[in-house]
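> Show me how the following folds:
(one chain, ligands or ions: 2)
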Amino acid sequence: MRYNDFHGEKVSALGFGFMRLPVLQNDQSKIDMPKVEEMLLYAVEHGVNYFDTAYPYHNGFSEVALGELLERNGLRDKVNIATKLFTLEIGRPGFDPEKMFATQLERLKTDHIDYYLIHGLHGDQWERLKNDYNILEFLAEKRRTGAIRHMGFSFHDSYEAFVKLLDDYDWEFAQIQYNYLDHEIQAGDRGMRSAQERGIPLNIMEPVKGGNLIFPDYPAIDRIREKYGITESNAELALRYVFDKENLNAVLSGMSTLEQVKENIAITERAGVGCLTENEKACIEEIRIYLETVPSIPCTACRYCVAGCPQQIQIPSAFSCYNTAVKFGNKAAQLRSYNRSCSNLADCLECGQCVEACPQHLEIPQLLQKVRSYFED
Ligand code: SF4
Ligand code: SF4
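Ligands and ions are numbered 1, 2, ... in the order given. The predicted model follows:
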């Protein structure tokens with residue numbers, strides 16, 4: 001395993017994300033513990049020492065699973081646990097960082113969290129945490145007593161908001177979404193440079209864009225790869241793009257099978273700063289340009305159409321499933337999301353309320369019909 005130096009500590013370059021674990025009966029709360037135990041033991045044996053979970057993952061059972069497996073195998077002191085304060089609960093009755101943190105320690109069967117993050121910060125959440133929940137006092141006390149060893153935040157907002165946050169607190173690390181398609185959105189390349197200038201290392205999430213950059217059956221991508229003589233897998237190409245960058249702590253992968261664990265560990269060992277060849281860069285650029293040409297429904301997910309729909313149809317979700325399936329050639333994976341959130345498209349009354357509300361002037365009822373035919377015929 002390759003390691004990065006984090007303020008004098010060795011952190012594995014690959015972090016094991018505990019958000020896409022194998023489950024039983026398609027139920028996110030029922031984690032397949034024997035499988036996960038096998039994956040975790042293999043990862044630890046091969047040097048992975050960073051495990052990233054969060055309060056809501058697998059409806060709370062991700063933290064429970066990690067705590068149980070580390071305790072059962074006597075591994076707590078050999079690995080770093082990263083978990084997060086769940087910010088989507090801000091403003092809800094009963095939201096209390098102190099209570100949430102206590103629950104997390106209990107679930108994880110530990111008395112301290114190695115890497116604690118404020119989860120997915122965007123909008124005014126940080127200001128609300130400071131003003132309404134005394135978060136600065138909470139963090140100061142937890143850091144002073146050692147209950148939190150290192151403090152960071154994960155992030156989903158603009159570059160400008162990212163820099164403002166970096167400068168607003170004594171963060172030891174930050175965590176951003178970054179891959180070769182998303183290098184100009186959210187924090188992006190500019191945010192990576194700003195963090196490096198401030199000496200704040202970065203964790204990377206979604207390096208393979210939630211699996212979208214794997215392209216299991218995509219002849220157009222295969223032709224581009226052949227043109228450049230690329231033999232490594234698409235997952236490896238995407239991971240190498242990220243590992244090539246400086247100032248990284250752990251690159252997180254939400255692994256679901258033992259094979260993925262083995263493959264990602266092998267890829268990590270072959271990669272590192274400066275690993276990407278000019279040929280690989282050219283191939284990635286051509287894939288990126290190709291993907292931009294794939295036609296999609298120009299929905300911006302503003303959700304203005306949702307509130308007025310008498311049938312409560314999740315219009316942006318339907319368009320998102322369709323666009324992702326067509327763009328990344330992963331219809332089977334998107335069909336699962338479609339079935340979860342868009343099963344009532346046939347209920348559309350063609351009343352036209354959504355069309356009135358849509359700033360993109362989309363002919364939504366016809367487009368919904370097109371999406372339905374794509375997934376259901
Ligand atoms: S046209 Fe269909 S999707 Fe649009 S608001 Fe009416 S029922 Fe909802
Ligand atoms: S209003 Fe239009 S652009 Fe906005 S989410 Fe609905 S369909 Fe998409």
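
> how about the strands of the stretch 151-300 of the chain, start to end?
Remark: strands assigned in the stretch 151-300 of the chain by DSSP state E, counting those that start in this stretch are 173-177, 202-205, 248-254.

> Out of those, which one sits most buried?
strand 248-254 (a mean of 25; mean count of other CB atoms under 10 Å). All C-beta atoms are positioned from the backbone trio N, CA, C, and that covers glycine.

> ok, that one: who's next to it in the sheet?
Strand 248-254 sits in its sheet next to strand 14-17 (parallel), strand 202-205 (parallel), going by DSSP bridges.

> which stretch of helix or strand covers the residue nearest to Leu85 when sequence neighbours are not counted?
Take Leu85 and drop its neighbours on the chain: the residue closest to it by CB to CB, 6 or more residues apart in numbering is Ile118, 5.1 Å away. Assigned by DSSP states H and E, Ile118 falls within strand 113-121.

> packing partners for the helix or strand hosting Glu68?
Using DSSP H and E, Glu68 falls within helix 61-72. In terms of contacts (3 or more CB pairs under 8 Å, 6 or more residues apart in numbering; DSSP states H and E), helix 61-72 is packed against helix 33-45, strand 80-85, helix 97-108.

> again, 6 Å this time
helix 33-45, helix 97-108 (3 or more CB pairs under 6 Å, 6 or more residues apart in numbering; DSSP states H and E).

> Would you mind listing the buried residues in the last one?
By neighbour count, and taking 16 or more other CB atoms under 10 Å as the criterion, the buried residues in helix 97-108 are Pro97, Phe101, Gln104, Leu105, Arg107, Leu108.

> Relative to the whole chain's centre, how far out is that helix?
The chain centroid and the centroid of helix 97-108 are separated by 22 Å under CA atoms, centre = their mean, to the nearest Å.

> what residues does it touch?
Contact partners of helix 97-108, identified using CB atoms under 6 Å, 6 or more residues apart in numbering, comprise Glu63, Val64, Gly67, Ile81, Thr83, Leu85, Tyr133, Phe138.

> Could I get these in a markdown table, plus columns for pLDDT?
Below are those laid out as a markdown table (pLDDT from 0 to 100):
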| residue | pLDDT |
| --- | --- |
| Glu63 | 98 |
| Val64 | 98 |
| Gly67 | 98 |
| Ile81 | 98 |
| Thr83 | 98 |
| Leu85 | 95 |
| Tyr133 | 94 |
| Phe138 | 97 |
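
> Tell me the most packed of these, by neighbour count.
Most neighbours among the contacts of helix 97-108, by other CB atoms under 10 Å: Thr83, with 28 neighbours.

> Am I right that it is in contact with Phe51?
No: applying CB atoms under 6 Å as the test, Thr83 and Phe51 come out as separate, 9.0 Å apart.

> okay, how far is it across stretch 326-345, tip to tip?
Taking CA to CA, to the nearest Å, stretch 326-345 runs 19 Å from one end to the other.

> Give me the contact status of that stretch with ligand 2.
No: residues of stretch 326-345 contacting ligand 2 under CB under 6 Å from any ligand atom: none, with a closest distance of 12.9 Å.

> Indicate whether that stretch makes contact with ligand 1.
No: contact of stretch 326-345 with ligand 1 (CB under 6 Å from any ligand atom) is absent, the minimum separation being 8.2 Å.

> can you give me how far that stretch is from the chain middle?
Distance, centroid of stretch 326-345 to centroid of chain: 19 Å (CA atoms, centre = their mean).

> Then stretch 228-235?
23 Å.

> Output it in PDB with nothing but the alpha carbons.
Extracted in PDB, the C-alpha atoms of stretch 228-235 (Å, rounded to 0.1, in the frame of the first residue of the first chain):
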ATOM      1  CA  TYR A 228      -4.800   5.300 -27.600                       C
ATOM      2  CA  GLY A 229      -3.900   1.600 -27.000                       C
ATOM      3  CA  ILE A 230      -5.200   1.800 -23.400                       C
ATOM      4  CA  THR A 231      -5.300  -1.600 -21.800                       C
ATOM      5  CA  GLU A 232      -6.100  -0.800 -18.200                       C
ATOM      6  CA  SER A 233      -9.700  -0.800 -17.100                       C
ATOM      7  CA  ASN A 234     -11.800   2.300 -17.200                       C
ATOM      8  CA  ALA A 235     -11.900   2.300 -13.400                       C
END
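
> List the contacts of it.
Val208, Leu213, Ile214, Phe215, Asn279, Cys283.

> before we move on, what about stretch 349-357?
Tyr304, Cys305, Gly308, Cys309, Ile315, Ile364, Pro365.

> Any chance you could note which residues of this structure sit beside ligand 2?
Counting by CB under 6 Å from any ligand atom, the chain sits next to ligand 2 at 299-305, 315-316, 357-358, 360, 362, 364.

> contacts with ligand 1 among those residues, please.
Answer for the residues of the chain next to ligand 2 near ligand 1 (CB under 6 Å from any ligand atom): Ile315, Ile364.

> quick one, domains of this structure?
As assigned by automatic domain parsing, the chain contains the domains 3-286, 315-376.
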